[in-house]
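J.: coords below, sequence missing:
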């Protein structure tokens, strides 16, 4: 059976536009949520977001390229360049048709859509940019990553809302494990902090209106009031183990299991039964050859919404059993970054792999008031340094899409 390992990673997110800076801020429990200052938020009534502040596009692109590339695609290409550099090989020894690029995106270029729609209203359809469609469509991130790297294998975009990038990583894992690819750049990206997006999420009552960034994204807290919109990207290099071993690659962790299910219940609400999300977790750790007691830590979806945090807690109990659920460490990276939609699962996969590599579990920050329906160990008192042998990373998307990845230490 072919094994799959993680040999390189790159990221652009509210905690840093490099892997090193991101991990440093994760370890320090840094808050990446801040006041929105790009536009007036008075009417939309949502004033904070997880915004990328330190990204310099000209480090990766010339001015001409930037005029024809949306921000979510810029994030993806930059993260892919970082990941390939981090893996220590350009992978050119492999057949380019056996190296893929699978990059999820939940929404795509809404910033471009908002701008061009305004132009349409003011000047008519003939003034819409000829670059509108190719810049806006979600799959362009995967396409541009392939153009930058020359990888010609499987190339597509998974679009499953908040589970998009976890599905992308899972599908890349399957293609390598099953022998269709030898390596793959995979993950997800999103950049939609606009009035248009905020308005849509606000009117469906999904976003918090808390103006204090320190109190806005508080997963599992009794006072949670909705998620904080974020932007960001994570890209991982997945590689067949024997190839990675032969070239002496640094291996962060083994990706050993993947579960994907659907609630088949509601457009936005998780199922109260929590059977499908629990099944995704079970499928992931069972494919990895593990038992509930082998799981050290769960990187939860943990959105800071009333229903998600309640039902994810129930699902964890169903997946692991009540006794083991109370022993496992759980945290939410979204307490620091906000919810990056299609990019969030990939950034959390990076956290999971680094947690295995460094034996470190980060804190869920901002928590102050216990909720009786969220009664597990959410690492709210500070980070934990301990052996991290196996991790589950959960993503749960609108439409009932559930995806879980299982990472473990790589041993011969």
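T.: All right, it came through fine. Because the structure is predicted, anything quoted here is derived from the model rather than measured.
J.: ok but residue 257 is inside a strand, no?
T.: Yes. Residue 257 sits within a strand when classified using DSSP: H, G, I helix; E, B strand; the rest coil.
J.: and the nearest residue to residue 82 once chain neighbours are set aside, how far from residue 166?
T.: Nearest residue to residue 82 in three dimensions, chain neighbours excluded: residue 10, at 2.7 Å (Cβ to Cβ, 6 or more residues apart in numbering). The way it works is simple: take the backbone N, C-alpha and C, and place the C-beta from them, glycine included. As for residue 10, its distance to residue 166 is 17 Å (criterion: Cβ to Cβ, to the nearest Å).
J.: do the same with residue 203
T.: 27 Å.
J.: so between those two, which is more surrounded?
T.: Between residue 203 and residue 166, counting by other Cβ atoms under 10 Å, residue 166 is the more crowded of the two (35 against 10).
J.: so which helix or strand takes in residue 209?
T.: Of the helices and strands defined by DSSP states H and E, none includes residue 209.
J.: how many neighbours does the nearest residue to it once chain neighbours are set aside have?
T.: Once flanking residues are discounted, residue 209 sits nearest to residue 45: 5.5 Å by Cβ to Cβ, 6+ apart. Counted with other Cβ under 10 Å, the neighbours of residue 45 add up to 12.
J.: quick check, residue 45 in contact with residue 208.
T.: No. The pair residue 45 / residue 208 is not scored as a contact, 10.5 Å apart, by Cβ atoms under 8 Å.
J.: helix, strand or coil: sort out residue 391 for me.
T.: strand.
J.: for the longest helix that the chain contains, packing partners?
T.: As assigned by DSSP state H, the longest helix anywhere in the chain is helix 71-87. When contacts are defined as 3 or more Cβ pairs under 8 Å, 6 or more residues apart in numbering; DSSP states H and E, helix 71-87 sits against strand 4-12, helix 140-149, strand 183-190, strand 232-240.
J.: make JSON lines from the ones you listed and add mean neighbour count, distance to residue 324 and mean pLDDT to it.
T.: Listed next are these as JSON lines, based on neighbours: other Cβ atoms under 10 Å; distance: least, Cβ to Cβ, whole Å; pLDDT from 0 to 100:
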{"stretch": "strand 4-12", "mean neighbour count": "28", "distance to residue 324": "25", "mean pLDDT": "98"}
{"stretch": "helix 140-149", "mean neighbour count": "23", "distance to residue 324": "37", "mean pLDDT": "98"}
{"stretch": "strand 183-190", "mean neighbour count": "35", "distance to residue 324": "29", "mean pLDDT": "98"}
{"stretch": "strand 232-240", "mean neighbour count": "31", "distance to residue 324": "28", "mean pLDDT": "98"}
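J.: export those to JSON lines and append columns for distance to residue 218.
T.: Shown next, in JSON lines, are the helices and strands packed on helix 71-87 (distance: least, Cβ to Cβ, whole Å):
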{"stretch": "strand 4-12", "distance to residue 218": "23"}
{"stretch": "helix 140-149", "distance to residue 218": "30"}
{"stretch": "strand 183-190", "distance to residue 218": "22"}
{"stretch": "strand 232-240", "distance to residue 218": "19"}
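J.: figure out which of the ones you listed is closest to residue 273.
T.: strand 183-190 (27.5 Å; Cβ to Cβ).
J.: list the residues that contact residue 72.
T.: By Cβ atoms under 8 Å, 6 or more residues apart in numbering, residue 72 lies in contact with 105, 108, 109, 141, 189, 190, 191, 192, 231, 233, 343.
J.: close enough to count as contact, the second one and residue 134?
T.: No. Counting by Cβ under 8 Å, residue 108 sits too far from residue 134 to count as a contact (11.0 Å).
J.: these two - which one has more neighbours?
T.: Remark: of residue 108 and residue 134, residue 108 carries more neighbours, 25 against 18, as counted by other Cβ under 10 Å.
J.: quick check: phi and psi on the more buried one?
T.: phi 90, psi -150 (degrees, to the nearest 10).
J.: the closest residue to it other than its chain neighbours: which element?
T.: Leaving aside its sequence neighbours, residue 108 sits nearest to residue 138 (Cβ to Cβ, 6+ apart; 3.7 Å). Assessed by DSSP H and E, residue 138 sits outside every helix and strand.
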